[in-house]
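**Student:** A predicted structure for the sequence below; I have some questions about it.
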Amino acid sequence: MTPSTSHSIHNIQMLRAVAAMMVIMHHMLPHYQAMGETVAVIDLISQWGFAGVDIFFVISGFIMAYTTLNKERTFSNAKIFFKHRIFRIYLGYWPFFLLMLLSLYYINSSKLDTLDIIGSFLLTNADMFKLVLPVSWSLSYELYFYALFLFTFFFTVKQLHTLIPLFSLFILSLVLITFSNPELPQSFFYSPFILEFFSGVLLYMYRRSLMRYWLLPLSLLLIVVAYGYGISYETKNGLFRVLTFGTGALFVVLFVLILEEKQLFIAGKKIEVIGNASYTLYLSHLIIIQLFFFSGLRNFFTSEGFLTPLLGWISLISLCLIFSVVYYEKIEKPIYQKAIKL
């Protein structure tokens with residue numbers, strides 16, 4: 001997922017918060033169900049909450065284009081871009097990697113033998129089942145996208161309007177060739193997820209033509225259709241996930257951008273605060289969920305009715321939100337701001 005940048009589009013920040021909450025709800029679901037009777041709507045949203053990651057990927061592509069394509073195309077700016085992105089990813093990630101590593105050491109040390117600790121630390125392994133902090137699989141894709149995007153600094157913006165669509169088609173071709181021939185190996189380097197990043201880039205590049213009132217109902221229809229197909233066919237991985245939840249994510253981002261552009265709806269500051277801390281929220285919530293379980297709080301909220309488990313669910317979400325906002329504002333943000341001045 002994309003760490004917040006200093007440039008803010010209000011509705012994009014809101015969407016960061018929503019996407020992070022979707023992922024949290026998805027990982028909370030087994031604990032919520034274990035506490036007792038659940039609310040059907042929460043169950044449904046939580047089951048498909050992993051699709052928040054697809055929204056993050058589209059946002060990441062959009063924001064990278066938004067914050068860099070207006071900059072002078074120089075080697076110096078390329079270095080600054082990459083340094084800032086590297087600092088933002090790793091300085092935000094490493095504290096929670098270490099906390100989870102310590103947690104596993106004391107709670108389930110035998111599991112460490114099955115994990116790629118070095119690959120987890122460096123974010124060079126995208127297999128969530130081999131990672132100390134499972135959600136960090138998406139950060140490997142973020143870093144790869146940043147490495148690809150670094151090359152945009154060596155071309156003019158006019159050239160990029162040709163090269164980026166062509167490169168996106170090239171990745172799509174590799175994905176389709178691999179999909180149509182099961183004997184060919186899958187590759188991290190042309191994963192379907194890369195298409196989600198570049199769909200966000202293309203959305204930014206052609207945004208002026210897309211800020212139209214008539215695209216609001218069309219986007220809404222396509223969101224319903226895309227998510228409907230994704231849920232109906234349970235497309236949780238690979239190309240079909242990108243074609244359904246990835247397409248839905250693209251039109252969700254377009255929808256909220258049009259709302260803001262036309263001043264039909266602009267997110268408030270309170271939701272933006274959560275959006276700013278969404279990277280922290282994404283990285284920290286598994287540790288907080290673990291703490292909720294081992295502290296006995298899950299058992300405390302276990303009941304035969306639905307009200308007590310619902311209070312437990314609300315309490316856990318509140319813990320995640322409060323910690324993330326405070327940690328981001330008081331620790332993570334100041335560290336990053338000092339680091340980029342080095």
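**Tutor:** Everything's here; your move. Numbers count the residues shown, from 1 in each chain.

**Student:** quick one: the helices in the stretch 1-150 of the chain?
**Tutor:** Taking DSSP state H, counting those that start in this stretch as the test, the helices found in the stretch 1-150 of the chain are 10-35, 40-47, 52-68, 75-107, 117-122, 137-150.

**Student:** what distance do you get for residue 92 to residue 332?
**Tutor:** Noted for residue 92: a distance of 6 Å to residue 332, by C-beta to C-beta, to the nearest Å. Heads up, the C-betas are built off the backbone N, CA and C, glycines and all.

**Student:** which neighbours do those two share?
**Tutor:** Common neighbours of residue 92 and residue 332 (criterion: C-beta atoms under 8 Å, 6 or more residues apart in numbering): 279, 280.

**Student:** any low-confidence regions in this protein?
**Tutor:** Within the chain, the stretches with pLDDT under 70 are 1-8.

**Student:** neighbours of residue 311, how many?
**Tutor:** A total of 14 residues lie near residue 311 under the criterion other C-beta atoms under 10 Å.

**Student:** mind checking how far it is from residue 40?
**Tutor:** Distance from residue 311 to residue 40, by C-beta to C-beta: 17 Å.

**Student:** next: residue 25.
**Tutor:** To residue 40, residue 25 is 14 Å away according to C-beta to C-beta.

**Student:** more neighbours, these two?
**Tutor:** Shown here are residue 25 and residue 40; by other C-beta under 10 Å, residue 25 has more neighbours (22 against 8).

**Student:** surely that one and residue 45 touch.
**Tutor:** Yes. Using C-beta atoms under 8 Å, residue 25 is in contact with residue 45, at 5.9 Å.

**Student:** can you pull the contacts of residue 253?
**Tutor:** So residue 253 contacts 12, 15, 55, 58, 59, 62, 200, 203 (C-beta under 8 Å, 6+ apart).

**Student:** what of residue 212?
**Tutor:** So residue 212 contacts residue 258 (C-beta under 8 Å, 6+ apart).

**Student:** tell me the secondary structure at it.
**Tutor:** Secondary structure, DSSP: H, G, I helix; E, B strand; the rest coil: residue 212 is coil.

**Student:** and stretch 278-296, which residues are buried?
**Tutor:** The neighbour-count check on stretch 278-296 (16 or more other C-beta atoms under 10 Å) flags 278-290, 292-293 as buried.

**Student:** just how off-centre is it within its chain?
**Tutor:** Distance of stretch 278-296 from its chain centroid, counting by C-alpha atoms, centre = their mean, to the nearest Å, is 16 Å.

**Student:** do you know how far residue 45 is from residue 227?
**Tutor:** For residue 45 relative to residue 227 (C-beta to C-beta), the value is 11 Å.

**Student:** the two - which one has more neighbours?
**Tutor:** residue 227 (19 against 16).

**Student:** from what I can see that one touches residue 49, true?
**Tutor:** No. In this structure, residue 227 is not within contact of residue 49 by C-beta under 8 Å, at 12.0 Å.

**Student:** show the contacting residues for the nearest residue to residue 125 once chain neighbours are set aside.
**Tutor:** Spatial nearest neighbour of residue 125, chain neighbours left out: residue 119 (3.2 Å); criterion: C-beta to C-beta, 6 or more residues apart in numbering. Going by C-beta under 8 Å, 6+ apart, residue 119 touches 125, 130, 131.

**Student:** done for today, thanks.
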